[in-house]
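Undergrad: Need coordinates for the following:
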Amino acid sequence: MPSEINTTGIIEEHQQDALSSLISMLGHDSWIKRKNSALKIAEFGESAINDLKECLSSPNEDIRFWAMVSLAKINTTNSMEPLFRLSKLDDHHIREYVAVALGYSDSKESTKILINMLDDPHWRVSNSAVNSLAMKGRVVIEDLIEALKKSSYNSAYWLTKALSKLGKEGNEVLIAFSRFKSKKVRLLVSEALGDSNDERAIKALLKCLKDEYWQVRNNAVDSLVKMGGRAIEPLIFFMKDEKENMQPYVEIIFKRLGDYRIHPLIELLKHENQEIRSLSAEALGSTGSSKAVKPLIEALNDKIWSVRKSVAKALAKIGEVAVDDLIKSLSCEDDNVRYWIAIILGTIGESAIEPLGSMLSSSDKEYRLYAAQALGKIRDERVVMLLIEALQDEAWIVRNSVAESLMELGDISLIPIMKSLMSQNEDRRYWSKKVMERIGPEELDTIQDILIKSRDSEMRYFAAYTLSLIGNDSSLPHLISSALNDPNEWVRKYSISAISRINNPKSVDTLIKLLYDDDEEIAYWSAKSFANIGEIASERLRSLLDEKDKNIRNLIILALGGIGDEKSMRFLIEKLSSTGLEAQRCIKVLVASEEKAIPYLIEALADQRIEVRENSAKALEALGIKAIEPLLQAMESENEEQRYWAGKILRNIKKGNRKHE
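TA: Here you go, the predicted model:
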């Protein structure tokens, strides 16, 4: 049997028997035997052509196909002629067989035929022609380039497919063609580059993402996805260096790459370039994968703040999946990491409420602190109630953090904080006032609406008390209306308190009017409230001291004592010259004025009138310890009366203290 292709056409008898045997094997059940037989038949060369031509009429498809392979492998003019003829038949199955068989031919002519077959109306024929051209290798590249320059759209599609299968050289051609002005060519090349599976095509595909033609950009996305994990690092660098906003396309690619993107992005979290680390973190966040959580938590200790922020945003974007690991990581010793975890948990929101609420009960005050910070990021009424309870925390730093979070939550904290202002717990009241000082002015309209419109007297009461802490001029008309007309006594009282904190002539008029109220409690509360409004009411009150109604005069005296300005104090000292109940009331008012009254009472110890000296002494004695220091100074006075009374009062205070002991 010949070892080389026979081109003479002469065959000896023993060779004819061997050839016949091999031809019979073209229909064997075994694919490998059919192929091997076809290749051995080709070694007979020209002498086998006639027998092979007869096989082309066989009803057996396998025999027909492998006969075509043998003819292509013989690769002479006579052997190729039947194949050229068959390539023009209407039967696309036959054309497909020819396209596959021509892949075994080394002739230049077969290459041309295959290139022509790329424009075949049936895609299977064209696809087979592509594969056969790929079998020929780099030798067909020049022919493909020439054909591509003048091809139809359909043919160009398959030409680029063929080039994508020709390795480095074919890929280089595609890259070169990706810069062509023709949209058609760029469109086809951007798809073919993905089929090449060549990592070197990635750079060209990234450039295609900026193409003016949207279909080219879409093809580039598809092709980069085909590259798998190899495209991740180039994509990150592309985002870093690209000034145009290519983020949407890159995000689409990352999403479609699925788990292929995770490991490369995790590795990039350690890159020396901080911008690469930031971009990788953000990309990991968009994956939503639990596999990204622990590496991202580790990256929270990055030395660069902007990187830590990107990592935090990524973990927050992953969301609920990350909560358990974030909670566990709060036990780390790095304070920066714990801070960021708190921020992330807060940003994640609802799914973090329960674990953060549990942390507020931790024995570790640092845990409670960070839990409070995190909860301040979650706008949920459940969070507000958890934080208000924590205003009673034993640690000042935790209470302060809780208050800041409630301030940050703003309007949703308003009503719970209004109610908490009346808490029996001192810490809770104190910090609730701190919070209200911040959020109250911003929510003034809401508070005023509650005061005027709410049917719930308790809520009106809370609103009035809240407004008494804020003291804003715009609330005055609402407060005056409530102070004069509300059916609930405590709503009226706290409306009066709120009015007294607004330094305005209308406030003075209203409080004076309320001194005449039929409700003695309201009148008394109004008199006490003048202490808040201060000196602007002093002259008006003194002008009313000629009132015939003794009760009104007593209330005015009480109001003046609360104001405590110089004229009011001197007026009250003057009243100490009276006898009976009026003097007793003045003493009581001066004692209630405490430190404001002491200098005037000390001075009155030198008064020429015995009644004034005696009543002043009674008042100072009632003030007790608070008056000791000024009295000791009075002992150095040049006035004998003043020294005498100061000494006497000090002895009486000392005796009184001993009795209490």
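
Undergrad: show me where the stretch 201-350 of the chain has helices.
TA: 202-208, 214-226, 232-241, 247-257, 262-268, 274-287, 293-298, 305-318, 323-329, 335-348 (DSSP state H, counting those that start in this stretch).

Undergrad: Mean neighbour count for these - can I get that in JSON lines?
TA: Quick note: C-beta positions are derived from backbone N, CA and C, even for glycine. Output for the helices of the stretch 201-350 of the chain, formatted as JSON lines (neighbours: other C-beta atoms under 10 Å):
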{"stretch": "helix 202-208", "mean neighbour count": "21"}
{"stretch": "helix 214-226", "mean neighbour count": "20"}
{"stretch": "helix 232-241", "mean neighbour count": "20"}
{"stretch": "helix 247-257", "mean neighbour count": "17"}
{"stretch": "helix 262-268", "mean neighbour count": "19"}
{"stretch": "helix 274-287", "mean neighbour count": "23"}
{"stretch": "helix 293-298", "mean neighbour count": "19"}
{"stretch": "helix 305-318", "mean neighbour count": "21"}
{"stretch": "helix 323-329", "mean neighbour count": "18"}
{"stretch": "helix 335-348", "mean neighbour count": "22"}
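
Undergrad: Nearest to Met418 among these would be which one?
TA: Distance to Met418, taken as C-beta to C-beta, is lowest for helix 335-348 among the helices of the stretch 201-350 of the chain, at 24.0 Å.

Undergrad: rewinding a little: mind putting the helices of the stretch 201-350 of the chain into TSV with mean pLDDT and distance to Asp106?
TA: Shown next, in TSV, are the helices of the stretch 201-350 of the chain (pLDDT from 0 to 100; distance: least, C-beta to C-beta, whole Å):
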stretch	mean pLDDT	distance to Asp106
helix 202-208	80	31
helix 214-226	81	31
helix 232-241	77	38
helix 247-257	76	41
helix 262-268	82	42
helix 274-287	83	48
helix 293-298	86	53
helix 305-318	84	56
helix 323-329	81	62
helix 335-348	80	65
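
Undergrad: Columns distance to Asn488 on top of these, output as TSV?
TA: Shown next, in TSV, are those (distance: least, C-beta to C-beta, whole Å):
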stretch	distance to Asn488
helix 202-208	72
helix 214-226	68
helix 232-241	64
helix 247-257	59
helix 262-268	63
helix 274-287	54
helix 293-298	54
helix 305-318	46
helix 323-329	46
helix 335-348	39
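
Undergrad: what's the closest of those to Arg368?
TA: Across these, closest to Arg368 is helix 335-348 (C-beta to C-beta), at 10.9 Å.

Undergrad: Other residues contacting that closest one?
TA: By C-beta atoms under 8 Å, 6 or more residues apart in numbering, the surrounding residues in contact with helix 335-348 are 297, 300-301, 308, 311-312, 315-316, 319-320, 322-323, 326-327, 329-330, 332, 352, 355-356, 366, 370-371, 373-378.

Undergrad: same question, stretch 372-380
TA: Contacts of stretch 372-380 (C-beta under 8 Å, 6+ apart): 339, 341-347, 349-350, 352-353, 356-357, 360, 383, 386-387, 390, 398, 401-402, 404-406, 408-409, 412.

Undergrad: The same query, at a cut-off of 7 Å, please.
TA: Stretch 372-380 has contacts (C-beta atoms under 7 Å, 6 or more residues apart in numbering) with 342-343, 345-347, 349-350, 352-353, 356, 360, 383, 386-387, 390, 398, 401-402, 404-405, 408-409, 412.

Undergrad: Quick one: buried ones out of these?
TA: 342-343, 345-347, 349, 352-353, 356, 360, 383, 386-387, 390, 398, 401-402, 404-405, 408-409 (16 or more other C-beta atoms under 10 Å).

Undergrad: can you pull the pLDDT of Leu22?
TA: You'll see Leu22 listed with a pLDDT of 90.

Undergrad: And the helix or strand hosting Asn532, what does it pack against?
TA: Applying DSSP states H and E as the criterion places Asn532 in helix 520-533. Contacts defined by 3 or more C-beta pairs under 7 Å, 6 or more residues apart in numbering; DSSP states H and E place helix 520-533 against helix 489-500, helix 505-515, helix 550-563.

Undergrad: Nearest to Ser290, out of the ones you listed?
TA: Nearest to Ser290, of the helices and strands packed on helix 520-533 and by C-beta to C-beta, is helix 489-500 at 53.5 Å.

Undergrad: What are the buried residues along the closest one?
TA: Trp490, Val491, Arg492, Lys493, Tyr494, Ser495, Ile496, Ser497, Ala498, Ile499, Ser500.

Undergrad: Make JSON lines out of the residues you listed and add distance to Arg540.
TA: Shown next, in JSON lines, are those (distance: C-beta to C-beta, whole Å):
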{"residue": "Trp490", "distance to Arg540": "27"}
{"residue": "Val491", "distance to Arg540": "26"}
{"residue": "Arg492", "distance to Arg540": "21"}
{"residue": "Lys493", "distance to Arg540": "21"}
{"residue": "Tyr494", "distance to Arg540": "23"}
{"residue": "Ser495", "distance to Arg540": "20"}
{"residue": "Ile496", "distance to Arg540": "16"}
{"residue": "Ser497", "distance to Arg540": "19"}
{"residue": "Ala498", "distance to Arg540": "20"}
{"residue": "Ile499", "distance to Arg540": "15"}
{"residue": "Ser500", "distance to Arg540": "14"}
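
Undergrad: Next, work out how far apart Pro59 and Arg34 are.
TA: Distance of Pro59 to Arg34, given as C-beta to C-beta, to the nearest Å: 16 Å.

Undergrad: Trp214 now?
TA: 48 Å.

Undergrad: what does Ile502 give?
TA: Ile502 is 104 Å from Arg34, by C-beta to C-beta.

Undergrad: could you turn the longest helix along the chain into PDB, dropping everything but the C-alphas?
TA: Longest among the helix segments of the chain by residue count, using DSSP state H, is helix 640-660. Once non-C-alpha atoms are left out, helix 640-660 reads as follows in PDB (Å, rounded to 0.1, in the frame of the first residue of the first chain):
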ATOM      1  CA  GLU A 640     -22.500  98.500 113.400                       C
ATOM      2  CA  GLU A 641     -26.100  97.500 112.800                       C
ATOM      3  CA  GLN A 642     -25.100  95.500 109.800                       C
ATOM      4  CA  ARG A 643     -22.400  93.700 111.800                       C
ATOM      5  CA  TYR A 644     -24.800  93.000 114.600                       C
ATOM      6  CA  TRP A 645     -27.500  91.500 112.500                       C
ATOM      7  CA  ALA A 646     -25.100  89.500 110.400                       C
ATOM      8  CA  GLY A 647     -23.600  87.900 113.500                       C
ATOM      9  CA  LYS A 648     -27.000  87.200 115.000                       C
ATOM     10  CA  ILE A 649     -28.200  85.500 111.800                       C
ATOM     11  CA  LEU A 650     -25.000  83.400 111.500                       C
ATOM     12  CA  ARG A 651     -25.500  82.200 115.100                       C
ATOM     13  CA  ASN A 652     -29.100  81.300 114.400                       C
ATOM     14  CA  ILE A 653     -28.200  79.500 111.200                       C
ATOM     15  CA  LYS A 654     -25.600  77.500 113.100                       C
ATOM     16  CA  LYS A 655     -28.100  76.600 115.800                       C
ATOM     17  CA  GLY A 656     -30.600  75.500 113.200                       C
ATOM     18  CA  ASN A 657     -28.000  73.300 111.500                       C
ATOM     19  CA  ARG A 658     -27.200  71.700 114.800                       C
ATOM     20  CA  LYS A 659     -30.900  70.900 115.400                       C
ATOM     21  CA  HIS A 660     -31.100  69.200 112.100                       C
END
